[in-house]
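Colleague: sequence and predicted structure below; questions after.
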Amino acid sequence: LTSCIEIVEEININKNKSGNISIKIESDNAGLLLNIVNNLVGNSYEDQIKAELDKIASKLTNEKGIKNVEINLNDRDGQYGISCDFSNTEDLNRALYKAFGYKKTIFSPGYIKAGSHKLKKMNITPYVKKYLDKEDIAIPDGYIIDLIDYKCIYHLPDEIRSVSNSNAEISNNSKTVIIEFPIEEVLDNKVNTGIKIKY
(Lines give C-alpha, C1' and ligand atoms only; values in the text may rest on other atoms or scores of the structure.)
Protein backbone atom coordinates (compact mmCIF):
# COMPACT_ATOMS: atom_id res chain seq x y z
CA LEU A 1 0.00 0.00 0.00
CA THR A 2 1.94 2.98 -1.25
CA SER A 3 -0.60 5.75 -0.73
CA CYS A 4 -2.45 6.61 2.44
CA ILE A 5 -6.09 7.34 3.07
CA GLU A 6 -6.85 11.04 3.27
CA ILE A 7 -9.72 12.43 5.30
CA VAL A 8 -10.32 15.62 3.33
CA GLU A 9 -12.28 18.61 4.55
CA GLU A 10 -12.86 21.12 1.75
CA ILE A 11 -14.41 24.54 2.32
CA ASN A 12 -15.39 27.02 -0.40
CA ILE A 13 -16.18 30.59 0.69
CA ASN A 14 -18.00 32.99 -1.65
CA LYS A 15 -17.78 36.79 -1.63
CA ASN A 16 -21.10 37.01 0.26
CA LYS A 17 -19.73 34.61 2.96
CA SER A 18 -21.96 31.73 1.86
CA GLY A 19 -20.24 28.57 0.75
CA ASN A 20 -19.93 24.82 0.63
CA ILE A 21 -18.30 22.30 2.95
CA SER A 22 -17.46 18.69 2.19
CA ILE A 23 -15.81 15.98 4.26
CA LYS A 24 -14.69 12.86 2.44
CA ILE A 25 -12.38 9.88 2.58
CA GLU A 26 -10.14 9.71 -0.50
CA SER A 27 -7.56 7.21 -1.68
CA ASP A 28 -6.93 4.91 -4.59
CA ASN A 29 -6.34 2.21 -2.01
CA ALA A 30 -9.18 3.09 0.38
CA GLY A 31 -11.32 0.08 -0.55
CA LEU A 32 -8.42 -2.33 -0.17
CA LEU A 33 -7.32 -0.76 3.10
CA LEU A 34 -10.82 -0.87 4.60
CA ASN A 35 -11.10 -4.54 3.61
CA ILE A 36 -7.81 -5.27 5.39
CA VAL A 37 -9.01 -3.42 8.51
CA ASN A 38 -12.31 -5.33 8.47
CA ASN A 39 -10.49 -8.66 8.13
CA LEU A 40 -8.01 -7.87 10.91
CA VAL A 41 -10.47 -6.50 13.42
CA GLY A 42 -13.65 -8.32 12.40
CA ASN A 43 -15.56 -5.05 12.52
CA SER A 44 -17.19 -3.31 9.57
CA TYR A 45 -15.64 0.14 9.35
CA GLU A 46 -17.61 0.78 6.18
CA ASP A 47 -20.87 0.22 8.06
CA GLN A 48 -19.70 2.55 10.84
CA ILE A 49 -18.79 5.26 8.34
CA LYS A 50 -22.07 4.92 6.42
CA ALA A 51 -24.16 4.99 9.61
CA GLU A 52 -22.36 8.10 10.83
CA LEU A 53 -22.82 9.89 7.48
CA ASP A 54 -26.53 9.02 7.44
CA LYS A 55 -26.97 10.33 10.97
CA ILE A 56 -25.16 13.60 10.25
CA ALA A 57 -27.02 14.14 6.95
CA SER A 58 -30.43 13.62 8.56
CA LYS A 59 -29.62 16.23 11.21
CA LEU A 60 -28.32 18.75 8.67
CA THR A 61 -31.14 18.40 6.14
CA ASN A 62 -33.76 20.68 7.73
CA GLU A 63 -31.43 23.15 9.41
CA LYS A 64 -31.81 26.87 8.71
CA GLY A 65 -29.33 28.10 6.10
CA ILE A 66 -28.24 24.59 5.06
CA LYS A 67 -29.08 23.28 1.57
CA ASN A 68 -28.12 20.53 -0.87
CA VAL A 69 -27.01 17.99 1.73
CA GLU A 70 -25.50 15.09 -0.21
CA ILE A 71 -23.92 11.79 0.79
CA ASN A 72 -21.47 10.16 -1.60
CA LEU A 73 -20.97 6.41 -1.10
CA ASN A 74 -18.68 4.58 -3.48
CA ASP A 75 -18.32 1.07 -2.04
CA ARG A 76 -16.20 -0.22 -4.91
CA ASP A 77 -13.46 2.35 -4.30
CA GLY A 78 -14.09 2.64 -0.56
CA GLN A 79 -14.72 6.38 -0.90
CA TYR A 80 -17.30 8.09 1.28
CA GLY A 81 -18.28 11.70 1.89
CA ILE A 82 -20.86 14.28 2.81
CA SER A 83 -21.32 17.85 1.60
CA CYS A 84 -23.71 20.78 1.96
CA ASP A 85 -24.12 24.43 1.03
CA PHE A 86 -24.48 27.06 3.75
CA SER A 87 -25.86 30.61 3.64
CA ASN A 88 -23.35 31.90 6.22
CA THR A 89 -20.94 30.49 8.77
CA GLU A 90 -23.25 31.26 11.71
CA ASP A 91 -25.89 28.91 10.28
CA LEU A 92 -23.19 26.34 9.48
CA ASN A 93 -21.80 26.43 13.04
CA ARG A 94 -25.24 25.96 14.59
CA ALA A 95 -26.04 23.09 12.21
CA LEU A 96 -22.70 21.35 12.81
CA TYR A 97 -23.11 21.52 16.58
CA LYS A 98 -26.55 19.92 16.24
CA ALA A 99 -25.35 17.31 13.74
CA PHE A 100 -22.62 16.19 16.12
CA GLY A 101 -24.93 16.10 19.15
CA TYR A 102 -24.02 19.34 20.92
CA LYS A 103 -25.95 22.52 21.65
CA LYS A 104 -24.46 25.78 20.37
CA THR A 105 -24.50 28.56 22.98
CA ILE A 106 -23.07 32.07 22.93
CA PHE A 107 -20.06 30.67 24.80
CA SER A 108 -19.44 27.81 22.36
CA PRO A 109 -16.52 28.36 19.99
CA GLY A 110 -17.50 28.72 16.35
CA TYR A 111 -16.13 25.95 14.16
CA ILE A 112 -15.55 28.39 11.33
CA LYS A 113 -16.09 32.11 10.90
CA ALA A 114 -16.01 34.09 7.68
CA GLY A 115 -15.58 37.82 8.19
CA SER A 116 -14.73 40.69 5.92
CA HIS A 117 -11.69 39.39 4.00
CA LYS A 118 -10.77 36.82 6.64
CA LEU A 119 -11.56 33.24 7.55
CA LYS A 120 -10.94 31.62 10.91
CA LYS A 121 -11.30 27.91 11.68
CA MET A 122 -10.96 26.53 15.18
CA ASN A 123 -8.46 23.90 16.24
CA ILE A 124 -10.45 20.65 16.30
CA THR A 125 -7.79 18.38 17.81
CA PRO A 126 -9.06 18.63 21.41
CA TYR A 127 -12.54 17.55 20.28
CA VAL A 128 -11.99 14.75 17.73
CA LYS A 129 -11.01 11.98 20.15
CA LYS A 130 -13.78 13.02 22.58
CA TYR A 131 -16.37 12.78 19.81
CA LEU A 132 -15.15 9.37 18.63
CA ASP A 133 -15.24 8.08 22.22
CA LYS A 134 -18.71 9.58 22.81
CA GLU A 135 -20.09 7.90 19.69
CA ASP A 136 -18.22 4.64 20.42
CA ILE A 137 -16.46 4.80 17.04
CA ALA A 138 -13.46 2.47 16.93
CA ILE A 139 -10.08 3.77 15.77
CA PRO A 140 -7.89 1.42 13.69
CA ASP A 141 -4.74 0.31 15.49
CA GLY A 142 -1.11 -0.15 14.54
CA TYR A 143 0.21 0.48 11.07
CA ILE A 144 -3.27 1.28 9.66
CA ILE A 145 -3.50 4.60 11.52
CA ASP A 146 -0.05 5.55 10.18
CA LEU A 147 -1.48 5.45 6.64
CA ILE A 148 -4.21 8.03 7.32
CA ASP A 149 -3.80 11.81 6.89
CA TYR A 150 -6.18 14.69 7.64
CA LYS A 151 -6.18 17.39 4.95
CA CYS A 152 -8.01 20.73 4.90
CA ILE A 153 -8.49 22.71 1.69
CA TYR A 154 -9.83 26.27 1.78
CA HIS A 155 -10.94 28.08 -1.38
CA LEU A 156 -11.31 31.85 -0.95
CA PRO A 157 -12.90 34.41 -3.29
CA ASP A 158 -9.83 36.70 -3.42
CA GLU A 159 -6.05 36.41 -3.28
CA ILE A 160 -4.71 35.28 0.09
CA ARG A 161 -2.56 37.82 1.94
CA SER A 162 -1.52 35.76 4.97
CA VAL A 163 -2.11 32.50 6.87
CA SER A 164 -1.47 31.87 10.57
CA ASN A 165 -0.59 28.17 10.52
CA SER A 166 3.03 27.43 9.56
CA ASN A 167 2.01 24.06 8.05
CA ALA A 168 -0.28 25.75 5.51
CA GLU A 169 0.62 26.05 1.83
CA ILE A 170 -0.85 28.62 -0.53
CA SER A 171 -1.58 27.41 -4.07
CA ASN A 172 -0.18 28.97 -7.24
CA ASN A 173 -3.44 30.82 -7.91
CA SER A 174 -3.16 32.42 -4.42
CA LYS A 175 -6.81 31.66 -3.64
CA THR A 176 -6.46 28.19 -2.09
CA VAL A 177 -4.82 27.07 1.16
CA ILE A 178 -3.95 23.43 1.89
CA ILE A 179 -2.91 22.08 5.27
CA GLU A 180 -2.26 18.42 6.11
CA PHE A 181 -1.49 16.38 9.24
CA PRO A 182 -1.05 12.69 10.11
CA ILE A 183 -4.36 11.63 11.70
CA GLU A 184 -2.48 10.06 14.61
CA GLU A 185 -1.18 13.52 15.61
CA VAL A 186 -4.72 14.93 15.41
CA LEU A 187 -6.12 12.12 17.59
CA ASP A 188 -3.28 12.54 20.10
CA ASN A 189 -3.83 16.35 20.22
CA LYS A 190 -0.24 16.99 19.07
CA VAL A 191 -1.01 19.50 16.30
CA ASN A 192 -3.03 22.66 15.89
CA THR A 193 -5.47 22.34 12.99
CA GLY A 194 -6.78 25.88 13.50
CA ILE A 195 -6.04 28.59 10.97
CA LYS A 196 -6.63 32.27 10.26
CA ILE A 197 -6.57 33.33 6.63
CA LYS A 198 -6.60 36.95 5.43
CA TYR A 199 -7.53 37.61 1.82
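Modeller: Perfect, I can see it now.

Colleague: what is the least confident helix or strand in this structure?
Modeller: Sorting the helices and strands of the chain by mean pLDDT, DSSP states H and E puts helix 30-41 at the bottom, at a mean of 58.

Colleague: by contact count, what packs against the following helix or strand past it?
Modeller: The helix or strand immediately downstream of helix 30-41 is helix 45-60, counting by DSSP states H and E. For helix 45-60, the packing partners by 3 or more CB pairs under 8 Å, 6 or more residues apart in numbering; DSSP states H and E come out as helix 30-41, strand 66-74, strand 79-86, helix 89-99. From N, CA and C alone the C-beta is placed, and that goes for glycine too.

Colleague: rounded mean pLDDT for the last one, please.
Modeller: Within the predicted structure, the mean pLDDT of helix 89-99 is 92.

Colleague: by contact count, what packs against the helix or strand just after it?
Modeller: From helix 89-99 onward toward the C-terminus, using DSSP H and E, the following helix or strand is strand 112-115. Strand 112-115 is packed against helix 89-99, strand 118-121, with contacts defined by 3+ CB pairs under 8 Å, 6+ apart.

Colleague: other residues contacting the first one?
Modeller: Surrounding helix 89-99, the residues in contact under the criterion CB atoms under 8 Å, 6 or more residues apart in numbering are 17, 19, 21, 55-56, 59-60, 63-66, 84, 86, 103-104, 108, 110-114.

Colleague: now those residues: which count as buried?
Modeller: Buried members of these, counted by 16 or more other CB atoms under 10 Å: 17, 19, 21, 56, 59-60, 63, 65-66, 84, 86, 104, 110-114.

Colleague: now do the contacts for K190.
Modeller: Contacts for K190 (CB under 8 Å, 6+ apart) come out as T125.

Colleague: kindly report the same for V177.
Modeller: V177 makes contacts with C152, I153, Y154, L156, I160, V163, A168, E169, I170, S171, I195, I197, as judged by CB under 8 Å, 6+ apart.
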